[in-house]
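Peer 1: Structural data only, the sequence is not supplied:
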């Protein structure tokens, strides 16, 4: 079962939930902590009162209370940015370093590469007539769960969070995702919005799991960096690594390639990948 989670603390989350209920023929199948569990096909949706970032182990709590196994979790959320640029994003969760916004220090949550990358592609198609950018974000923040998890978000300010057309695009994409399974890679390098990984995912047969930006590498020893790559690959079921080489000096990119290969990852470039 795929579990959608809405937070009443988040106006965009509620907006997306309401658009999902409008578009889908949901039925009630029990309660979770005083909230009705709405289901459609093999998907359940719940509404929680607390902020998403601190809903640790909610996948297990849901299973314990409902007796239903959860396979993947999707948090419906807002995205905040000082730029205010209208943006629809998806991203994995966890912390490469400190846990300032939920989750656990230095621990990654299992990603959902095929679902996340397929949703990115769906958003790009469905948002074609909206003035919204579509992109990955790199791995960040909590909560901590055991099941594969991702966030899907409306950004980047209150005006956009309340935009019903944007929420309708997300609802349509979630309910009609065209799930494609391609070789799985972790992404290494670049900035928070991962434009290179977004570009590759939209044009090549690849599924991205955890995305490891340059800023998260700062201050890491080589040993810690290698350990983090292994953790990111394991949490993504990835055998490949894609390095955003233009985001760093050539010598650093070559060194990262050596470390990735020593961790058992095959480093690929766009030319190695089949076009969609």
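Peer 2: Great, that's in hand. In this text, all values refer to a predicted model and were calculated from it rather than measured experimentally.
Peer 1: Need the per-residue pLDDT for residue 54.
Peer 2: Looking at residue 54, its pLDDT stands at 94.
Peer 1: actually residue 80, sorry about that
Peer 2: What the model reports for residue 80 is a pLDDT of 88.
Peer 1: who touches the residue nearest to residue 51 when sequence neighbours are not counted in this structure?
Peer 2: Using Cβ to Cβ, 6 or more residues apart in numbering and skipping residues adjacent in sequence, the residue nearest residue 51 is residue 9, 4.7 Å away. No exception for glycine: its C-beta is placed from N, CA and C like everyone else's. Applying Cβ atoms under 8 Å, 6 or more residues apart in numbering, we find residue 9 in contact with 49, 50, 51, 52.
Peer 1: Residue 119 and residue 205, how far apart?
Peer 2: Residue 119 is 16 Å from residue 205, where distance means Cβ to Cβ, to the nearest Å.
Peer 1: re earlier: considering the contacts of residue 9, which possesses the most neighbours?
Peer 2: Counting neighbours by other Cβ atoms under 10 Å, residue 52 leads these with 23 neighbours.
Peer 1: ok, it touching residue 151?
Peer 2: Yes - between residue 52 and residue 151 there is a contact under Cβ atoms under 8 Å: 7.5 Å.
Peer 1: residue boundaries of the helices in the stretch 51-200 of the chain?
Peer 2: 58-66, 113-126, 158-161, 164-175, 195-203 (DSSP state H, counting those that start in this stretch).
Peer 1: List the buried residues for the fourth one?
Peer 2: Of the residues in helix 164-175, those scored as buried under the neighbour-count criterion (16 or more other Cβ atoms under 10 Å) are 166, 167, 168, 169, 170, 171, 172, 173, 174, 175.
Peer 1: Of all pairs in these, which one is the farthest apart?
Peer 2: Greatest spatial distance among the buried residues of helix 164-175 (Cβ to Cβ): 166 and 175, at 15.3 Å.
Peer 1: surely residue 74 meets residue 6?
Peer 2: No - the criterion here is Cβ under 8 Å, and residue 74 misses it with residue 6 at 10.2 Å.
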